[in-house]
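Q: okay, predicted coordinates and the sequence, questions at the end:
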Amino acid sequence: MPRRPLQTMFDDPEAVALPTEPHPLVAAWMEKERQAEETARRQNIGFWPKREDSYMGRRELRISDALFKAAQANGYGLEHPAGRLAPVSLSIKGRRVEWSLEKQTSARRVPLSKKDMRKPDNIARGITTETIHVSTGTFKIVAEIKHGRKTQITERVDKPFEQRIEEVLDRFEKLVDADIAAEIRSAEYQRKFEEETRAKERPRRLKVMEKARWDRLRAQTRNWNEARSLRAFIDTVERTLGDGKRSGRETAWLEWARRRAARLDPLSRGTTSARDITRWRYDPDPSEYELSIWELS
């Protein structure tokens, strides 16, 4: 039986069979398109042709069907937007691979129509042909992962995608592996950069922390001495008032003054205060170099 010309095949949807026992997603696509066509006919409005009504549309259904089945057999996940059947992306090793089928065309020179031949501009320039793009009956798969990493696979007439599904999935997995490797390299670069930055920052950080310690120690010493002086003064006031009965105002003042002095004294709580001073978190141990630039400024 003689082979049919390719261009004739591309115009005949019956030249390629629909998927048998299609994947649930593909079956849902087909059913949705049939319902849309039926609704449009009832309302007497225009509608997009169903994929099953064209050669390339049927091939798209067959390729998607084979890809989805093989992907799930390999343990990959299928994802699509909530409430929508498409686009369907693959989840491979925790990465989402977005893919699409793009029809391929070839450029051809064809004679101009009689109407275009009569146009003055074409006559003046001697133009008798034009370029058109016709379908080659093949697809190109374009897959993309985050960070803009892409891969594309071009179909050949003698080896359609239906026969290359495992090769396609292998390319998808290699794309994911390349992304994972790039992420590991980036993390390693970031780790080394942070280590080098900490090493360069160490002298300045030590200097800042030493100054902070010294300033804090001097402030605490001033507060301690002032608290002692205040208490001595308060005690003198109390003795001067004598041992007799004191007025409410005098008692309230003495209590207020001692509370204020205690708030100023860095050792007001005894051992607990002393331990807090030596564990002062605003002044970390010199071995801790994780402070940000803002904390050290």
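A: Looks like it arrived, so ask away.
Q: could you look up the SS state of the residue located most distally from the centre of the chain?
A: The outermost residue of the chain, judged against the average C-alpha position, is residue 244 (77.6 Å), by CA atoms, centre = their mean. What DSSP: H, G, I helix; E, B strand; the rest coil gives for residue 244 is coil.
Q: quick one: contacts for residue 264?
A: 223, 226-227, 230 (CB atoms under 8 Å, 6 or more residues apart in numbering). C-betas here are computed from N, CA, C, even on glycine.
Q: check residue 91 too.
A: Counted by CB under 8 Å, 6+ apart, residue 91 has contacts 76-79, 97.
Q: helix or strand for it, which one?
A: strand 89-92 (DSSP states H and E).
Q: can you name the next helix or strand after that strand?
A: Past strand 89-92, the next helix or strand by DSSP H and E is strand 95-111.
Q: touching that following strand from outside, list them.
A: 56, 60, 63-64, 79, 87, 89-91, 128-136, 138-146, 154-155, 172, 175-176, 179-180.
Q: can you list the strands that that strand pairs with?
A: On the basis of DSSP bridges, the sheet neighbours of strand 95-111 come out as strand 89-92 (antiparallel), strand 129-145 (antiparallel).
Q: please spell out the ChimeraX selection for the buried subset of the contacts of residue 264.
A: Filtering the contacts of residue 264 down to the buried ones (16 or more other CB atoms under 10 Å) takes a single ChimeraX command:
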select :223,227,230
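Q: how about a markdown table for the contacts of residue 264, with distance to residue 107, pLDDT and secondary structure added?
A: Output for those, formatted as a markdown table (distance: CB to CB, whole Å; pLDDT from 0 to 100; DSSP: H, G, I helix; E, B strand; the rest coil):
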| residue | distance to residue 107 | pLDDT | secondary structure |
| --- | --- | --- | --- |
| 223 | 86 | 95 | helix |
| 226 | 91 | 96 | helix |
| 227 | 92 | 95 | helix |
| 230 | 95 | 96 | helix |
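Q: could you dump the contacts of residue 264 to TSV with distance to residue 33?
A: Below are the contacts of residue 264 laid out as TSV (distance: CB to CB, whole Å):
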residue	distance to residue 33
223	81
226	86
227	85
230	88
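Q: name the nearest of the contacts of residue 264 relative to residue 38.
A: residue 223 (86.2 Å; CB to CB).
Q: quick one, helices of the chain?
A: 6-10, 24-43, 55-73, 114-117, 120-125, 165-241, 248-264, 271-278, 293-296 (DSSP state H).
Q: flag the shaky bits of the stretch 151-297 of the chain, pLDDT-wise.
A: Along the stretch 151-297 of the chain, the parts satisfying pLDDT under 70 run over 280-297.
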